[in-house]
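>>> mind folding the following:
(2 chains)
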Number of protein chains: 2
Amino acid sequence: MPVINQVAIIGGGVIGAGWVARFIENGINVSIYDPAIDAMEKVEAVLENSRYAYARLLTAPRAGEGEIRFKDSIANAVYGAELIVESVPERLDIKQNVYAEIEQSAEPGALIASSTSGIMPSDLQANMTNPERLLVAHPFNPVYLLPLVELVGGKKTSPDTIERAREIYTAVGMHPLHVKKEIEAFIADRLLEAVWRESLWLVKDGIATTQDVDDAVRFGFGLRYAQMGVFDTYRVAGGEAGMRHFMAQFGPCLKWPWTKLMDVPEFTEELVDLIAGQSDEQSGHMSIREMERIRDDNLIAILHGLKGNNWGAGQALAKYEQHLLKAANDD
Amino acid sequence: MPVINQVAIIGGGVIGAGWVARFIENGINVSIYDPAIDAMEKVEAVLENSRYAYARLLTAPRAGEGEIRFKDSIANAVYGAELIVESVPERLDIKQNVYAEIEQSAEPGALIASSTSGIMPSDLQANMTNPERLLVAHPFNPVYLLPLVELVGGKKTSPDTIERAREIYTAVGMHPLHVKKEIEAFIADRLLEAVWRESLWLVKDGIATTQDVDDAVRFGFGLRYAQMGVFDTYRVAGGEAGMRHFMAQFGPCLKWPWTKLMDVPEFTEELVDLIAGQSDEQSGHMSIREMERIRDDNLIAILHGLKGNNWGAGQALAKYEQHLLKAANDD
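The predicted model follows:
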């Protein structure tokens, strides 16, 4: 029996559409509400990518694709859904209004999961009638390929909600990371924000082009981060002397004037022009479609490679395939 | 004809030994000077890893291993070397003293390359007789597997020095990134420093354990960074609307209180205990040796996967193999 049969997605942007892909590829039916005129077209573009990707990612037998239905209202979309995914713009008032509408029509037991990358769940749930069933389930683009999903509960979120969410996301091949203490931007986006801010300074100050920054990442530490994180990488670098030794060595460097600690660069017209221009020069010869395909092919190759070693995201993929195999045998 | 025949490595720590491995695996002879009693043993441990790695990394025919000779002085180590790699501790005075000793015995045409991860080459070369031949060539651990090397010239470094360095490092399978403007910590380590600082805050504030931080990286954006960097990743996320649109969306978020901008956490005894303890819990069941092997196996799998797609670090590997093949045929 599938872990869940019916999901509603409110908002069909790149994240919402990524969720649609993740769920229908796992045989789960999805209802979508998005008022944009081109919503269907945008979702279809993501699905074209995800179908291509899943055909190459998985060797295990899978259930057929879930059905997709576009609905003309939130009420119609959430009808019968066991999980309601909110992927609307990052404004608290918009999100709270959406929850009010959801709560009028949702099944009493349905989970409500926000894809927000920054807003605290306690704020999201502040005006809800049944706040215990709201959580943040923050995914990463492309949602249909990257396993990470950060689960964050607010003050009023029930432990059952977190447990049920963990079960659902694991069943669709993801790696739920329960963030135990609320904080804006959670864990991954705090790190990404730090990298982004520093990258902007490097370009603004003329130290590096966008291409230089990207190459510094993908020919260097990006290869490390795909399999060991920050602390394990340094643990290994510290050698047998251990983490304590590493910190003793590295620690004082934090006092060096190595990063632009204090400040955030202004998004002046000039900086936007500089970055957009350099980015065009770097990758303007490819369409976004081509870049998405390259990215996905690379992610699949990396995941396959790590699966061969039964490590990290590859281990998550192996478990997912075992789960699919078991489900197919149980049928 | 090999691009270079004889290299001297001053300092046989994890970086110096990584350089030894990179060069001898490419058939280049290496002389080492390191006053530590256990220097030979430590270098041998790295070579055991690199021999295992190269046997799996490369399919192209290679020259035999270069010879290794441990020398009892800097003068004896640099004798006859065309490239002298300085990998001694990160203190300007120590490094400047080493250069003074190097210059007394080095060949007039020898390059002097510092592995420093932070000190500006203009400072390094300040007291040198022939400062035009000094540059920073900053590698990443494990040096024998990660292709990135940042080349940074100081005010007195000649363009020929940078060109020659680019030629040498390319020939041993690396991706030289010329950092055109001097800055402390160059490019990659500024980004790494930003991640490290934010990671420390997350652990110190009890938001995340070291394991949580590592999982947030390796199940999520780390997989992206192994193949596209910061700007290309966001370019794709922005969709057909382009980089300008992405920045318009993302830009204002920089003003949110998302990262600990102002401050660096103090390395109190308490914080060191917290991190070392969590790290032990996370990975203490593995020896550093085991972790190195896992890391290297994963890096090889990722590089092979990306080579299959002829992309990024995989493309660098493919070029390297073509170079080796050509060298073998020329013999």
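
>>> what's the spacing between residue A:214 and chain B?
Using Cβ to the nearest Cβ, to the nearest Å, we find residue A:214 at a distance of 3 Å from chain B. To be clear about C-beta, it is placed using only N, CA and C from the backbone, and glycine gets the same treatment.

>>> quick check: that residue touching residue A:279?
No - Residue A:214 is not in contact with residue A:279 according to Cβ atoms under 8 Å; the separation is 9.4 Å.

>>> and for these two, which residues touch both?
By Cβ atoms under 8 Å, 6 or more residues apart in numbering or on different chains, residue A:214 and residue A:279 have these common neighbours: B:231-232.

>>> tell me the spacing between residue A:198 and residue B:230.
9 Å (Cβ to Cβ, to the nearest Å).

>>> now residue A:183
Distance from residue A:183 to residue B:230, counting by Cβ to Cβ: 22 Å.

>>> who has more neighbours out of the two?
residue B:230 (26 against 19; other Cβ atoms under 10 Å in any protein chain shown).

>>> helix or strand for the nearest residue to the more buried one once chain neighbours are set aside, which one?
Excluding the flanking residues, the one nearest residue B:230 by Cβ to Cβ, 6 or more residues apart in numbering or on different chains is residue A:199, at 4.7 Å. Here residue A:199 sits within helix A:188-204, counting by DSSP states H and E.

>>> for the stretch 1-150 of chain A, which residue gets nearest to chain B?
Among all residues of the stretch 1-150 of chain A, residue A:148 sits closest to chain B, at 3.4 Å; criterion: Cβ to the nearest Cβ.

>>> what sits up against the helix or strand following the helix holding residue A:199?
Beyond helix A:188-204 on the C-terminal side, the first helix or strand identified by DSSP H and E is helix A:210-216. Applying Cβ under 8 Å, 6+ apart, the external contacts of helix A:210-216 come out as A:199, A:202-203, A:208, A:275, A:278-279, A:281-282, B:148, B:150, B:175, B:177, B:179, B:187-188, B:191, B:228-232.

>>> run the last query once more with 7 Å
Here helix A:210-216 makes contact (Cβ atoms under 7 Å, 6 or more residues apart in numbering or on different chains) with A:199, A:202-203, A:275, A:278-279, A:282, B:148, B:175, B:177, B:187-188, B:191, B:228-232.

>>> where do the helices sit along the stretch 101-250 of chain A?
Using DSSP state H, counting those that start in this stretch, the helices of the stretch 101-250 of chain A run over A:121-124, A:159-171, A:188-204, A:210-216, A:222-225, A:230-238, A:242-250.

>>> now the strands for chain A?
Counting by DSSP state E, one finds strands in chain A at the ranges A:6-10, A:29-33, A:68-70, A:83-86, A:111-114, A:134-139, A:148-153, A:175-179.

>>> before we move on, back to that, out of the helices of the stretch 101-250 of chain A, which comes closest to residue A:110?
Ranking these by proximity to residue A:110 (Cβ to Cβ) places helix A:159-171 first, at 10.3 Å.

>>> would you mark the buried spots in the closest one?
Across helix A:159-171, burial judged by 16 or more other Cβ atoms under 10 Å in any protein chain shown covers A:161-162, A:164-166, A:168-171.

>>> check stretch A:64-75 too.
A:65-66, A:68, A:71, A:74.

>>> same check on stretch A:303-322?
For stretch A:303-322, the neighbour count (16+ other Cβ under 10 Å) marks A:303-307, A:309, A:311-321 as buried.

>>> quick one: end-to-end distance for it.
Stretch A:303-322 has an end-to-end distance of 15 Å (Cα to Cα, to the nearest Å).

>>> ok, now which ones touch the residue lying closest to residue A:57 once chain neighbours are set aside?
Nearest residue to residue A:57, sequence neighbours excluded (Cβ to Cβ, 6+ apart): residue A:300, at 5.3 Å. Taking Cβ under 7 Å, 6+ apart, we find residue A:300 in contact with A:53, A:56-57.

>>> do the same with residue A:95
Residue A:95 neighbours (Cβ under 7 Å, 6+ apart): A:86, A:88, A:114, A:124.

>>> what of residue A:309?
Counting by Cβ under 7 Å, 6+ apart, residue A:309 makes contact with B:297-298, B:301.

>>> need the phi and psi values for it.
With angles defined as degrees, to the nearest 10, residue A:309 sits at phi -90, psi 0.

>>> name the nearest residue to it, ignoring sequence neighbours.
Looking at residue A:309 with Cβ to Cβ, 6+ apart, the closest residue is residue B:297, at 5.2 Å.

>>> ok, the one you found - how many residues close by?
Other residues close to residue B:297 by other Cβ under 10 Å number 19.

>>> please consider this matter closed, and thank you.
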